[in-house]
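A.B. asks: The amino acid sequence is not available; the structure is as follows:
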């Protein structure tokens, strides 16, 4: 056997059974096309290569190709070799469809929760990726520690301590595939080790609440006032999920007194605080607040993510775990997906170590601050009020002139006008027709060139 | 506010409270270092940058830096700016430790289940990554369809049809984070929709069995004979996990008669066959066998992975789902981690479309075939027998002269000699001291330069 057959051309699986002639090859090819296994326009191996692979004379395969080409099953064009004919002879199958999980195309995308993807530092990321990949020993491409690469965990220890006030060490960090997986690992572990209930803020992401219930915990909402979540409503829950630095979507931080109250509640109840620090890097007013985790690393499980600071598509997040949960959460990770892919971990480690991450955060902070200021200015002439601190990627636009019924009508009008946004009621734990009306606006998503037009459309909508 | 503070230098979170003087800055810095938030050797922002950020005079910060440097908390060196002193003043913390989930270093790593990582096509992968990334519109870096990128699903439809005999379309493919997650999604979904039991082959990966039980299904072993898994033992299970193309670790394919029997069992019982096609690309003897899935796409859930064909660190796998499981599995994915990261999906799509994947598979096939032949030759002088077809990345070495007790002793000797391998008994569903003895040898892992020495060590071990 020559080396040639093994290293040249495309792979094609043909099961000939016992027969070895031209007819057997043609029949096997026709069956593969008819059954849909071979898609229209697929390239076939050269007759030389396929013949070598099947242990046949080259002419046997070449003759089969010619016969099928003559009958319209295959097409042979100079320069592109032999391909399955475009004319579909296969059974009807579902065509590659538009993803069903994306809504209709929007003229202006102001849906909260996403960063400006045009701002993703593509060139710096590719450079970091090449440097990291070229420096990585082969071992690092294999099965990693279920907690993720120790290099990235070390870089995060330093970065999160310095920039977010997190106190930890690389042994207590677990890298996971995005915030949702982090919350899923934590809640599944809590449920497995005896927890029954989790408190959540009265307003937040519905998909986080779905996820918590899916993992076996009952939800208990706590109200939010001007100091943040009402910690006196935590009572005997086993855990609470808090957006302490910047409540989502109301946009206010948890006050110092409430922070202290939450921690003493957790200590008293032996409960766990899960801190969702989704956009903690983006505070614009020189009054950054550190993570709750830094005050009591033994009571708080912290979740940070690259989805807002870089891009959701990276699907990277980090859990900082209190010692008593560490082993059980690692075990849950091991038993559900084993580990998170290392290629982007290598790149992120290099991106942080080189200072690129700090530079990107600071550039983004300026960018989002300007966007927020433009939004606030654009809405001045209206009766709406911007609520919350100068931070993050979204604002709550309170609508004092609107009822909850008006809010629903407004949402429909926005949809018809091609403006994507969320309503306050849509983020409430339980819909409440008597509550104040508002819109939750993400200002990170529109591209620069359409941001002004998006603001004009929003102003006209609110009126 | 100038743009400077927002885009230059490193981020540092300092909470000054109400005080604004040099002492307040020094105290905040000292507290951050003492608490361990600021790690030894962390770089601090320049005094100009930090002053701008805190809204203080530059000298206030410069004076605080000088005072702390004089007292040994900070060190200032020309060219590297101001850093936290290496002398650790922080509370003792766990040092960045060697990952606990890796065993001791091995002289010869013959543990089965991993490819030759030196063979990973780094240069081609980086090129594909750059091409894919440069061509990707911004949208693709955001939250994707939970099934993964439609481009990769389309490329896999074409590739798997051609090379593995899989019949599907992009709508029925779900991209996930490795084989373990695929099996976890499937078994969790089956358990949630009423399944109670899953049959498994009597020999296989213990961690797969752990995962199935963790997800709520009871395990039922089926024996394996020379035709593969004993399909007559499937009885009333709700599902079965089969390594049909190449039983792991026994190395034999499921016979045609058994394939037909498994499918008619599944149809009769309304049961699901989960096909683990972990190394289906690597058959060396011109008798490739297509996936079971291609015979009945409505009865078989297929799992393929890049962990053996490229590298485990990629953490990419694909589920081909029968229509009746599709919606429920997508929902499980949505509720556990939402979606798999898109960066490596973009690269893999480009890698397949460009023909690089076929080239890599064919090169690897030659490489592993040669390794297997060298191993077979090296073991000729011993009484051991190589079992199974010429395929994949491992062999079962049967040891007719050994008892099960001898096998345990042999494993200990291998460990002491620094040879990593698995025993047949270690992969059995239930340990059986009366069964035949054997070693499971992975020949993909050792680097080229030590492979011959590894074979000599193995031969001496077996004797």
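C.D. replies: In hand now; what should we look at? Note that the structure is predicted; figures quoted are calculated from it, not measured.
A.B. asks: Give me the below-cutoff pLDDT ranges for chain A.
C.D. replies: A:1-9, A:86-104 (pLDDT under 70).
A.B. asks: sec struct for residue A:11, please.
C.D. replies: coil (DSSP: H, G, I helix; E, B strand; the rest coil).
A.B. asks: Tell me the spacing between it and residue B:280.
C.D. replies: 11 Å (CB to CB, to the nearest Å). (Glycine included, C-beta is placed from N, CA and C.)
A.B. asks: cool, residue A:165 as well?
C.D. replies: 50 Å.
A.B. asks: Same drill for residue A:11 and residue B:280, tell me which one is more crowded.
C.D. replies: residue B:280 (28 against 19; other CB atoms under 10 Å in any protein chain shown).
A.B. asks: Could you check which helix or strand contains the more buried one?
C.D. replies: Taking DSSP states H and E as the definition, residue B:280 sits outside all helices and strands.
A.B. asks: tell me the contacts of it?
C.D. replies: Counting by CB atoms under 8 Å, 6 or more residues apart in numbering or on different chains, residue B:280 touches B:164, B:245-246, B:291, B:304.
A.B. asks: Could you count how many residues lie near residue A:139?
C.D. replies: By other CB under 10 Å, the burial measure for residue A:139, its neighbour count, is 12.
A.B. asks: cool, residue A:310 as well?
C.D. replies: Residues contacting residue A:310 under the criterion other CB under 10 Å number 24.
A.B. asks: is it true that it touches residue A:360?
C.D. replies: Yes - using CB atoms under 8 Å, residue A:310 makes contact with residue A:360 at a distance of 7.3 Å.
A.B. asks: okay, and the common contacts of these two?
C.D. replies: With CB under 8 Å, 6+ apart, residue A:310 and residue A:360 have common neighbours residue A:121.
A.B. asks: Find the centremost residue of chain A, please.
C.D. replies: The residue lying closest to the centre of chain A (CA atoms, centre = their mean) is residue A:312, at 3.8 Å.
A.B. asks: returning to that earlier point: in helices, which of the contacts of residue B:280 fall?
C.D. replies: Using DSSP state H, the subset of the contacts of residue B:280 located in helices is residue B:164.
A.B. asks: Also near chain A: which of the contacts of residue B:280, exactly?
C.D. replies: Among the contacts of residue B:280, the ones lying near chain A by CB under 8 Å from any CB of the partner chain are residue B:164.
A.B. asks: quick one: which of the contacts of residue B:280 has the most company?
C.D. replies: residue B:304 leads the contacts of residue B:280 on contacts (other CB under 10 Å) with 29 neighbours.
A.B. asks: Can you name the residues that contact that one?
C.D. replies: Here residue B:304 is in contact with B:156, B:160, B:164, B:166, B:277-278, B:280, B:317-318, B:320 (CB under 8 Å, 6+ apart).
A.B. asks: Could you tell me which residues within stretch A:150-169 count as buried?
C.D. replies: A:150-169 (16 or more other CB atoms under 10 Å in any protein chain shown).
A.B. asks: and if you look at stretch A:323-338?
C.D. replies: Across stretch A:323-338, burial judged by 16+ other CB under 10 Å covers A:325-326, A:328-338.
A.B. asks: What count of nearby residues applies to the residue nearest to residue A:350 when sequence neighbours are not counted?
C.D. replies: Once flanking residues are discounted, residue A:350 sits nearest to residue A:132: 3.9 Å by CB to CB, 6 or more residues apart in numbering or on different chains. When neighbours are counted by other CB under 10 Å, residue A:132 registers 23.
A.B. asks: ok, residue A:132 - contacts?
C.D. replies: A:346-347, A:349-350.
A.B. asks: Let's see that with 10 Å instead.
C.D. replies: A:140, A:151-152, A:343-351, A:353-354 (CB atoms under 10 Å, 6 or more residues apart in numbering or on different chains).
A.B. asks: Just among the residues you listed, which is most surrounded?
C.D. replies: residue A:152 leads these on contacts (other CB under 10 Å) with 29 neighbours.
A.B. asks: elements contacting the host helix or strand of that residue?
C.D. replies: Assigned by DSSP H and E, residue A:152 belongs to helix A:150-164. Using 3 or more CB pairs under 10 Å, 6 or more residues apart in numbering or on different chains; DSSP states H and E as the contact test, the elements touching helix A:150-164 are strand A:173-176, strand A:300-305, strand A:317-320, helix A:343-353, helix A:356-379, helix B:22-34.
A.B. asks: export these to TSV and tack on distance to residue A:84?
C.D. replies: Converted to TSV, these look like this (distance: least, CB to CB, whole Å):
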stretch	distance to residue A:84
strand A:173-176	41
strand A:300-305	43
strand A:317-320	42
helix A:343-353	33
helix A:356-379	45
helix B:22-34	64
